[in-house]
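S.K.: quick check, what structure comes out for this input:
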Amino acid sequence: MSINITPLADRVVVEAAAAEETSTGGIILPDTAQEKPQQGKVVAVGPGKVSDAGTLIEMTVKKGDKVLYGKYSGSDVTFDGNEYMIMRESDILAIL
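M.R.: Got it, this is the predicted structure:
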């Protein structure tokens, strides 16, 4: 899927994974009890951050990476009916 969002500097657009609808024990969770997902797929990446010396620091993550990020990271946005998160690369904890 291709989206028409180009993040600036060291920002990344992530499509969050679906929230778990059942608990570990098999209990179906209502929408209000579902936890916000903390992993997703990178769908767009900015060019990188410019250092104080004026050199471009390239991004570590790339489009298509599955990533793990902090629980309250980024800003939620809706684009073409789909929900995404825009966050700084430093908010990403790991590539899965």
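S.K.: tell me which residues of stretch 55-66 come out buried.
M.R.: Across stretch 55-66, burial judged by 16 or more other CB atoms under 10 Å covers Met59, Val61, Asp65. Heads up, the C-betas are built off the backbone N, CA and C, glycines and all.
S.K.: what does Glu89 show for phi and psi?
M.R.: Backbone geometry at Glu89, expressed as degrees, to the nearest 10, gives phi -60, psi -30.
S.K.: show me what contacts it?
M.R.: Asp10, Arg11, Val12, Lys49, Met59, Thr60, Val61 (CB atoms under 8 Å, 6 or more residues apart in numbering).
S.K.: likewise Val12?
M.R.: Per CB under 8 Å, 6+ apart, neighbours of Val12: Val42, Ala44, Val45, Gly46, Met59, Val61, Val67, Ile86, Met87, Arg88, Glu89, Ile92.
S.K.: how close does the fifth one sit to Ala44?
M.R.: Read it as Met59. According to CB to CB, to the nearest Å, Met59 stands 11 Å off from Ala44.
S.K.: hang on, the earlier thing: I'd like the contacts of Glu89 as JSON lines, with distance to Leu96 and secondary structure appended.
M.R.: Below are the contacts of Glu89 laid out as JSON lines (distance: CB to CB, whole Å; DSSP: H, G, I helix; E, B strand; the rest coil):
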{"residue": "Asp10", "distance to Leu96": "20", "secondary structure": "coil"}
{"residue": "Arg11", "distance to Leu96": "20", "secondary structure": "strand"}
{"residue": "Val12", "distance to Leu96": "14", "secondary structure": "strand"}
{"residue": "Lys49", "distance to Leu96": "23", "secondary structure": "strand"}
{"residue": "Met59", "distance to Leu96": "17", "secondary structure": "coil"}
{"residue": "Thr60", "distance to Leu96": "14", "secondary structure": "coil"}
{"residue": "Val61", "distance to Leu96": "11", "secondary structure": "coil"}
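S.K.: what distance do you get for the closest residue to Lys71 other than its chain neighbours to Asp76?
M.R.: Using CB to CB, 6 or more residues apart in numbering and skipping the chain neighbours, the partner closest in space to Lys71 is Gln38 (5.7 Å). Counting by CB to CB, the separation of Gln38 from Asp76 is 14 Å.
S.K.: perfect, that will be all.
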